[in-house]
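> Here's a sequence, model it:
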Amino acid sequence: MISGKFAITLHILTLLSKFPDEYLSSDFIAGSMNLHPVLVRKEIANLKKNHIVESKEGKNGGTKLLKPASEISLDHIFKMTFETVSLGYSKNDPNPDCPVGKQINKNLDELYADINQKISVQLSGISLTEFSDKF
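Residues are numbered from 1 along each chain as shown. Next up is the predicted model:
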């Protein structure tokens, strides 16, 4: 299902790209997003796991990008936050005796695969720098 993780992660990375030589604190980032710093730190942990950012502790600690924003595609960011987009399925099992019910999930799977391919193609052509330049 779709959540706000992509938007949160993209917000974090856009801020970091605006200050490439500085370590930004999770409090600073959270203030920009009006989120609790714990939620920001959770997403930063995922970015660290994917070798996109580095962090340091202490008074002047924080997080910064490990590589130039121009080398990070929005597709890469998207795939760090989601395996795929799914718009969901019915909570009830469809009736296998119904001509629609017996094939609805298979056809939804194909539709979602097509949507994911189109998302990937579009996001692959946009770097974090290109997105960040809008601000």
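> The nearest residue in space to residue 124 that is not next to it in sequence and residue 107: what is the separation?
Among residues not flanking residue 124 along the chain, residue 75 sits closest, at 4.2 Å (CB to CB, 6 or more residues apart in numbering). No exception for glycine: its C-beta is placed from N, CA and C like everyone else's. As judged by CB to CB, to the nearest Å, residue 75 and residue 107 stand 26 Å apart.
> For stretch 50-57, buried residues please.
Under the neighbour-count criterion of 16 or more other CB atoms under 10 Å, stretch 50-57 has 52-53, 55 buried.
> Other residues contacting that stretch?
Residues from elsewhere that reach stretch 50-57 (CB atoms under 8 Å, 6 or more residues apart in numbering): 13, 16, 23, 44, 47-48, 61-67, 72, 77, 80.
> redo that, cut-off 10 Å
If you take CB atoms under 10 Å, 6 or more residues apart in numbering as the criterion, stretch 50-57 is touched by 9, 12-13, 16, 23-26, 41, 43-48, 61-67, 72, 76-77, 79-81, 128.
> ok, back up a step: among the buried residues of stretch 50-57, which ones are in strands?
Judged by DSSP state E, strands contain the following of the buried residues of stretch 50-57: 53, 55.
> what's the burial count for residue 32?
Number of residues near residue 32 (other CB atoms under 10 Å) recorded here: 13.
> roughly how far out does stretch 87-106 sit from the chain middle?
From the chain centre to the centre of stretch 87-106 is a distance of 29 Å (CA atoms, centre = their mean, to the nearest Å).
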